[in-house]
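**Q** This is a predicted model, with the sequence first.
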Amino acid sequence: RYPTPASLPVPDIPQETQVRAIPLLGALPLLLSACWLGVGPTVLLGLASGLVQAVFQIGSLAQPFEVAAFCLVAAYLVQQNYRGWLSSILRQPVVAGLLAAFLTWLLLLFSLYGDTPGSTLAALNYAWPIFLTGLLPALVQGLIAGGLAQFAIRWRLARHAAVMPAIAPPWSRSLNRRMLFAFITFTSILIVVLLYAVSATALAEAKRQALAQMSRDAMSAASDVPSFFQMGQGLVGEFAVDERLQSADSGTRQSLLGSALRIGPFFDQLLFFDADGRLLNTYPLEDNTILAPEERDIISRTLQTGAPQTSAVFKYGDQSLVSFVAAVLTPAGRQGTGALLGRTRLEGNPIIARLRDGLQNTLGAGVGYIVDESGRIVVHRDAAMALTPASLNNDLTPVLQTPEDGKAYEDSFPNGTPRLLFIQPARGTNWTVAIELPYINVLQLAAQISMPLLIILVIVGVLAGAGLSFLSRGITLPIQDLSAAAGS
C-alpha cells in the first residue's frame, strides 16, 4: 500500500478514504508468461489476475483491464521481431516491464476519474494527485518484475521463446515515415508539456485571485469587528453617566432607558441594577429580565471593580446575544450606585449584519462567518449554525500567510468536499473572521482562464501535424524518384 496525498476523502463521501495498493511481485509471473507464452495467453492471464485484485484488494472495475493492458504491452514488446538496436532494447524484459508499467500507469487517471463521484472538475481534482503518487510504485513494480525476469532468463531459470529479427519497424520503412515519427513524437511531448504548463499556470492564477479576494473581504470585515465592541461599550457607558439614572423616581429612570434605546438601533434591551445587583428598571418592559450566567458574572465584576465588561456570546432562547455593562457612578464619580446592562442580538445588530453580508459570495460562492475565542461560530448567515463548533483544523500548514496575520488553508468540508479556507484575526478582539470557498469554484475559474489557450494548442498541433505530413511527402517523393532514376 502506498499513501495518497493527505489521505484525501472521496468527495461527498467522507467516510470512504481510498488507499491504493500495488503488488510489487504481482507482475513477475505476467512478464514471464509474456516471454514464454506470447500475447494472447498473457492477456487472458492478466484479465484473471486483475479480476482477483479487483475483488480482494482495490475494488476498481477497471483493474482487470489495467492489468490486461500491462500484459498486452509487455508481451508485444518482448515478442516483437523488428530489426534495429532500439527494437533489441525493447525486447529486454527489464525494459519491457518498465515501459509497460509506465503506459499502464497513464490509464490509472481514467480509472480514478471514473470511480470518483461528483462533478467533472471535482472528480479530476481528486484523481490527479493520487494519479501522480501512483507513478513511482508502478515503475518499481515494473522494474522488479522486469529485473527478476531478465535474471531468470539470463541464467536459464525460465524459458524465453527465441525471437529472430525479421522485418523493419514501421517507423523506419520509408523516409517519410521516419520524418513523421520524429516529428509526431516531439510534437506530442511538446503539446503535453504545454498543456500541463498552461493548466498549472491557470490553476495557480485562479487560486491567487481567489485568495486575494478572500483576503480583502476578510480583512475588511476584521477591521470593522472592533467597532462593534467599541460602539457597544461606548453607548452603554454614555447612558450610564446620565444623571437621570441617579434619580429616586423609577419613572424618570424608565424614561431615560426608553429614550436611550431609541437613539440608535444597537441595543435591544437595557437593564438597570442597583449596587446590590437588584433589577430596578428595564426597557422594553415586555422583554425577558432573567439574567444569563454570563450576564451575572459581568455585572458582579462591574459592581466590584467599577470597570466596564463585555460578555462572551451566549444563547438566550433561540437568539445569540452579547451584553455590555458599565458602572453607574455618583456625580463625583467615586462611588458606584449600580450598573447598566445593554443587550444586543447578533442577528439583528446593524454592525454585525453589515459584517455578515460583506463576507458572503466571494467569487459567487464563498461563505463567511465569525468565530470566537472558544472556536464557536458566533456570526453566520445560517442562524442554525450559531454557537456550533467551527470546522477549523489548526494542525494544517497554511498555503499563504499575509502581513496582517491572515492565513489560507486547503482542506475539506465535513462532507469531504475540498475547500479553500481563509482565516483573519480581528485585531484588538478575540474574534476571528473565516471565509470558506468550495475548491470547485477555483477549478471553474482556472478552466475559464485556460480553456482558450488549450483549444488553440490543440488546433495548432493538429494543423502542424497535417501540414508536416504534406510537407514531408513533398520532400521525400522527389528524393525517392531521384533515387529510383539513379538506380535505373
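**A** Great, that's in hand.

**Q** A strand includes Val378, no?
**A** Yes: under DSSP: H, G, I helix; E, B strand; the rest coil, Val378 sits within a strand.

**Q** Strands along the protein, start to end?
**A** Using DSSP state E, the strands of the chain run over residues 9-10, 13-17, 269-274, 279-283, 309-310, 314-316, 319-329, 336-345, 367-371, 377-379, 400-401, 407-412, 418-425, 432-438.

**Q** Go through those and name the closest to Leu235.
**A** Leu235 lies closest, by C-beta to C-beta, to one member of the strands of the chain: strand 336-345, at 6.8 Å. Where you see a C-beta, it was placed from the backbone N, CA and C, and this is true even at glycine.

**Q** tell me the contacts of Val367?
**A** 359-360, 381, 435-437 (C-beta atoms under 8 Å, 6 or more residues apart in numbering).

**Q** about what we covered before: weakest of the strands of the chain in terms of mean pLDDT?
**A** The minimum mean pLDDT among the strands of the chain belongs to strand 13-17 (a mean of 49).

**Q** and of the strands of the chain, who's closest to Ile144?
**A** That would be strand 13-17 among the strands of the chain, by C-beta to C-beta, at 27.1 Å.

**Q** JSON lines please, covering the contacts of Val367 and showing neighbour count and distance to Gly338.
**A** Converted to JSON lines, those look like this (neighbours: other C-beta atoms under 10 Å; distance: C-beta to C-beta, whole Å):
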{"residue": "Leu359", "neighbour count": "25", "distance to Gly338": "38"}
{"residue": "Gln360", "neighbour count": "15", "distance to Gly338": "41"}
{"residue": "Arg381", "neighbour count": "13", "distance to Gly338": "38"}
{"residue": "Ile435", "neighbour count": "27", "distance to Gly338": "42"}
{"residue": "Glu436", "neighbour count": "23", "distance to Gly338": "44"}
{"residue": "Leu437", "neighbour count": "23", "distance to Gly338": "48"}
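
**Q** Adding distance to Leu103, write the strands of the chain out as JSON lines.
**A** As requested, those are exported to JSON lines (distance: least, C-beta to C-beta, whole Å):
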{"stretch": "strand 9-10", "distance to Leu103": "26"}
{"stretch": "strand 13-17", "distance to Leu103": "28"}
{"stretch": "strand 269-274", "distance to Leu103": "73"}
{"stretch": "strand 279-283", "distance to Leu103": "79"}
{"stretch": "strand 309-310", "distance to Leu103": "66"}
{"stretch": "strand 314-316", "distance to Leu103": "61"}
{"stretch": "strand 319-329", "distance to Leu103": "59"}
{"stretch": "strand 336-345", "distance to Leu103": "64"}
{"stretch": "strand 367-371", "distance to Leu103": "43"}
{"stretch": "strand 377-379", "distance to Leu103": "50"}
{"stretch": "strand 400-401", "distance to Leu103": "38"}
{"stretch": "strand 407-412", "distance to Leu103": "31"}
{"stretch": "strand 418-425", "distance to Leu103": "29"}
{"stretch": "strand 432-438", "distance to Leu103": "35"}
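
**Q** For Ala292, find the nearest of those strands.
**A** Here strand 314-316 is closest among the strands of the chain (C-beta to C-beta), at 5.1 Å.

**Q** Pairing partners for that closest one, with directions?
**A** strand 319-329 (antiparallel) (DSSP bridges).

**Q** now the partner strand and strand 269-274, what's the angle there?
**A** Here strand 319-329 runs at 40 degrees with respect to strand 269-274, directions being taken by axes from the mean of the first three to the mean of the last three C-alpha atoms, to 10 degrees.

**Q** can you pull the alpha-carbon coordinates of strand 319-329 into PDB?
**A** In PDB, the C-alpha atoms belonging to strand 319-329 read as follows (Å, rounded to 0.1, in the frame of the first residue of the first chain):
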ATOM      1  CA  GLN A 319     -31.200  34.100  19.900                       C
ATOM      2  CA  SER A 320     -27.400  34.800  20.200                       C
ATOM      3  CA  LEU A 321     -26.700  37.700  22.500                       C
ATOM      4  CA  VAL A 322     -23.800  39.900  23.600                       C
ATOM      5  CA  SER A 323     -24.200  42.100  26.700                       C
ATOM      6  CA  PHE A 324     -22.300  45.200  27.700                       C
ATOM      7  CA  VAL A 325     -22.100  46.500  31.300                       C
ATOM      8  CA  ALA A 326     -21.000  49.900  32.600                       C
ATOM      9  CA  ALA A 327     -20.900  51.100  36.200                       C
ATOM     10  CA  VAL A 328     -23.300  53.900  37.200                       C
ATOM     11  CA  LEU A 329     -21.300  56.200  39.500                       C
END
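
**Q** correct me, but Asn430 touches Glu373?
**A** Yes: assessed by C-beta atoms under 8 Å, Asn430 is found in contact with Glu373 at 3.8 Å.

**Q** Select, out of the strands of the chain, the one closest to Ala200.
**A** strand 407-412 (15.5 Å).

**Q** Give the buried residues for the closest one.
**A** Neighbour counts over strand 407-412 (16 or more other C-beta atoms under 10 Å) mark 407-410, 412 as buried.

**Q** and what of stretch 368-382?
**A** Under 16+ other C-beta under 10 Å, the buried positions of stretch 368-382 are 368-372, 376-380.

**Q** just those residues now: which is nearest Pro452?
**A** Nearest to Pro452 among the buried residues of stretch 368-382 is Gly368, at 31.6 Å by C-beta to C-beta.

**Q** From Ser227, how far off is the closest one?
**A** 17 Å (C-beta to C-beta, to the nearest Å).

**Q** Can you give me every residue that contacts Met219?
**A** By C-beta under 8 Å, 6+ apart, Met219 lies in contact with 402, 404, 406, 424.

**Q** Would you mind confirming that Ala275 makes contact with Thr337?
**A** Yes: at 5.7 Å, Ala275 counts as touching Thr337 under the criterion of C-beta under 8 Å.
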